[in-house]
Every structure is written in structure tokens, then in C-alpha cells.
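In: predicted model and sequence follow; I will ask about them next.
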Amino acid sequence: MLPPRPVRRFALAPLVAAIAVSLAALAIPVALLSAAYSLVRRRAQPGRRPSRLLRVACLVLAWSAGETAALTVLLCLWIVSGFGGRLETEPYQARHYALMEWFLDLVYRAAERACDLRVEVSGPPDAAAAAGRPVIVLCRHAGPGDSLLMVHHLLSVYRRRPRLVMKAALQLDPSVDIVANRVPNVFIPRRRRPARPETGSERAEAALATDRPQTELIRRLAAGLDRDGALVIFPEGGNWTPLRWRRAVDRLRRRGERDLAARAAAMPNVLPPRPGGALAAIEACPEADVIFVAHAGLDTLVSVRDVWQSLRGDLTVRVQWWRVPAGEVPRAAGRDAQVEWLFDWWARVDGWVTAEHAAGLPGTAAGDPAGRVVQGGEARVQS
């Protein structure tokens, strides 16, 4: 259960700002000492990379400075808008998206320098961007920071205004809490665990009861998309880990959805998609193209130790986009056919990730394992 909004704004925001300033002040001497140590080691061993501690210190410094600056700007925007009276008008909406773009670009550039981050994107939906059509982006969710990379790419490269479906717990970060509640987004609360064991039918009914209000919020969010809008949904509902994958397969089996459980078990690199929100968004915006996004390179960073070990070398993330034009999305099909279509695409995402892992990163996968035909910047799934 999250604290009420006034508590988050007047207690958490100053606290996080104070922590950010403290971290920045601490990161400066740590970075200087680490830089001096790295310089000595590189003179003794030419070509040696900067220490991991220096990389972390640089990232912390960039994030802390950006967080503090963003909170300050958000406060100023609230004051000059008539203490929030004009925040929903177009000029202030544009300023908030510009602030999001600036902050994410700052973090991205810091990761490029500190972690030698390199993002390689294939199959970008240029045709969709040029046509000025709304898009619904269904993205794989695996590894730290993949959602930040997605939003950064939509803002900076495709000049889109992203609308996100996010976990409600992210509102504990004051900058996310403030800016994401001032522009169109949806926060999904965490499901409560039952006090007693449930049967398969009870679980299914409870899931439907919980999903109905959330689905309606997503439907409204999608219905308001304009030609520059992009609704971003992570249909898996959470970050992929091996444990969550096993639990997701078991959950489908307990609900009696044997066919979908078998398909999910054959896709070890992704969680089975939860169709409710994605299909509701697709139905609510019939003129929107649908874009599927897969990535590889962050998914192996499951634990804190994995992240720390990754700082030894370069960090390469490969991303693949596929665009399904609005006319080829099965909006008129029945529910079962739509779920099968979504699982078909997710199977292709899993196949692409499998090929990337087999080829090794950094590098490129051989051939075209996702089973698609690319024509003029578009992608069609082969049946």
C-alpha cells in the first residue's frame, strides 16, 4: 500500500532530494579517488579499463544531479502554472515531456561513458513514425533499465509522446511520481495475495475482478492517443527472471489453461503475455499500429552481482522492432484468436532472443530466426 499523495509529495520528495544531494557529494570524492587509482593502474597496465567503482560513482553522480534538477524544475513548473492550475494545458504538457527527455538523455549519456553502453536497434518502424499514426508498443521486460531505454528511444529518436502502463510502486520515486501523474499514464497496483489457498476457478475469477478496473484505465489511455502518441505496455507484467518464468507457467496450469501453459513452457526467455491490457488498448485505438519490441543484453543481469560483474567490460544491448500495420491487427477476431495472435508474436520474440544468446553479445545473430517477412520497413508474421 502506497502512502497518500500528500505524504509522497511533502515527505518523500524532500527526503529523496536530500539523499540525492548527499550521494552527489559523496560520489565526487569517490570518483576522484577512483580516477586517480585507475590512472595509476592504467600507467602500469596500458589499455586497462577504469575501475568498476569509478563507473558506479559516475552513474550515481549523474543520476543524483538529474534527480535534484528535475525535482527543482517540476516545482518551478507547478508554481508558474498557477500552482498547478494550467498543468494539463498543451504548453505545460510539452514542457514535462521535454524534461523527461532531458533527464533520460542525461542518464543514457552517463551510461554510455561509464558502462560503454551501446544500443543497436534493428527494424525500426520508420514508416509508422513518418505516417504520423498512433502506435501501441508491446515490449519485452527483462533486465535493469530496459523501460528507460524504451522511453528514451521513443522521445529522442521518434519524437513520440509515450504513455506508459507502470507498476504503482514506481511512485515511490518522487520525480517519477510527479511527472508521470502530470502527463497521461496508468499505474497498476500490486495484486494482493489471498489469505487462503484458492482453486483454479477462484484464481481465474479473482484475476478477472482485479483486471477489470485496470483494463478500463488502459482502454481510456489508449483511446486518447493522438498522431504523436505511443502507448507502451509490458504485457509480461513484470521483469523476466527464471523464477518468475517457472511461476508464470505454473499459474497457467493451475488455472486450467493447459494449451497456453505448454506454449509458455516452450518460451524460456520471456514470461507469457497477459492479454487483458494489451488487447484492451488495441481495441480502444483502432487506427493504431502495433509495434513489438525484443531486446537482448540486459536480460542476463538478474542479480546485483550480475550487474556488478557486467561493469568489467562493455555493455551491448541489441533491440529488434517489428511493426504490424493497423489493418493487419486482428481486431475483429474473437478473443481466443487474439490471444493466440499475441502468443504467436511472443514466441517470435523468444526465438529472436534465443538466437541472440546463441550468437553471443556483442555481435549479430545469423539469419532471421523470428520467422518474419520484412517489406518496406513493415513486418508480417508468417502463419
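Out: Received it, and whenever you're ready, just let me know what you need. Numbers count the residues shown, from 1 in each chain.
In: now do the contacts for residue 272.
Out: Residue 272 makes contacts with 236, 248, 249, 252, 260, 263, 264, 343, 346, as judged by CB atoms under 8 Å, 6 or more residues apart in numbering. In short, each C-beta sits where N, CA and C put it, glycine included.
In: let's see the pLDDT reported for it.
Out: Residue 272 is assigned 97 on the pLDDT scale.
In: so what does it have for phi and psi?
Out: Dihedral pair for residue 272: phi -60, psi 130, per degrees, to the nearest 10.
In: for residue 266, see how far away it is.
Out: As for residue 272, its distance to residue 266 is 10 Å (criterion: CB to CB, to the nearest Å).
In: quick one: residue 56 is in a helix?
Out: Yes. When classified by DSSP: H, G, I helix; E, B strand; the rest coil, residue 56 is found to be part of a helix.
In: number of nearby residues for the residue lying closest to it once chain neighbours are set aside?
Out: Leaving aside its sequence neighbours, residue 56 sits nearest to residue 311 (CB to CB, 6 or more residues apart in numbering; 7.0 Å). Residues near residue 311, counting by other CB atoms under 10 Å, number 20.
In: among the contacts of residue 272, name the ones in helices.
Out: Assigned to helices by DSSP state H, the following of those qualify: 248, 249, 252, 260, 263, 264, 343, 346.
In: what helix or strand is residue 112 on?
Out: helix 90-115 (DSSP states H and E).
In: same question for residue 118.
Out: strand 117-122.
In: remind me, longest strand of this protein?
Out: Counting residues, the longest strand found in the chain (DSSP state E) is strand 315-324.
In: C-alpha coordinates for that strand, CSV please?
Out: Output of strand 315-324 as CSV, limited to C-alpha atoms (Å, rounded to 0.1, in the frame of the first residue of the first chain):
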residue,chain,number,x,y,z
LEU,A,315,27.5,-3.4,-22.2
THR,A,316,25.9,-4.0,-25.6
VAL,A,317,22.1,-4.1,-25.9
ARG,A,318,20.5,-5.3,-29.2
VAL,A,319,16.9,-4.3,-29.9
GLN,A,320,14.6,-5.6,-32.6
TRP,A,321,11.4,-3.8,-33.6
TRP,A,322,8.5,-5.2,-35.7
ARG,A,323,5.6,-3.2,-36.9
VAL,A,324,2.2,-4.6,-37.6
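In: quick one: work out the angle between it and helix 90-115.
Out: Orientation check (axes from the mean of the first three to the mean of the last three CA atoms, to 10 degrees): strand 315-324 against helix 90-115 gives 140 degrees.
In: okay, buried residues for strand 315-324 please.
Out: Buried residues in strand 315-324, counting neighbours by 16 or more other CB atoms under 10 Å, are found at 315, 316, 317, 318, 319, 320, 321, 322, 323, 324.
In: okay, helices next: where are they in the stretch 251-383 of the chain?
Out: Under the criterion DSSP state H, counting those that start in this stretch, helices of the stretch 251-383 of the chain are mapped to 258-265, 275-284, 304-310, 335-359.
In: which secondary structure elements does the longest one contact?
Out: Based on contacts counted as 3 or more CB pairs under 8 Å, 6 or more residues apart in numbering; DSSP states H and E, the elements that helix 335-359 packs against are helix 258-265, helix 275-284, strand 289-296, strand 315-324, strand 378-381.
In: go again with 6 Å.
Out: With contacts taken as 3 or more CB pairs under 6 Å, 6 or more residues apart in numbering; DSSP states H and E, helix 335-359 sits against helix 275-284, strand 289-296.
In: buried deepest among those, which one?
Out: Comparing those by mean neighbour count (mean count of other CB atoms under 10 Å), strand 289-296 comes out on top with a mean of 25.
In: partners of that strand in the sheet?
Out: Strand 289-296 has the following strand partners under DSSP bridges: strand 135-139 (parallel), strand 315-324 (antiparallel).
In: got a list of contacts for it?
Out: For strand 289-296, contacts defined as CB atoms under 6 Å, 6 or more residues apart in numbering pick out 125, 128, 133, 135-140, 317-326, 329, 345, 349, 352-353, 356.
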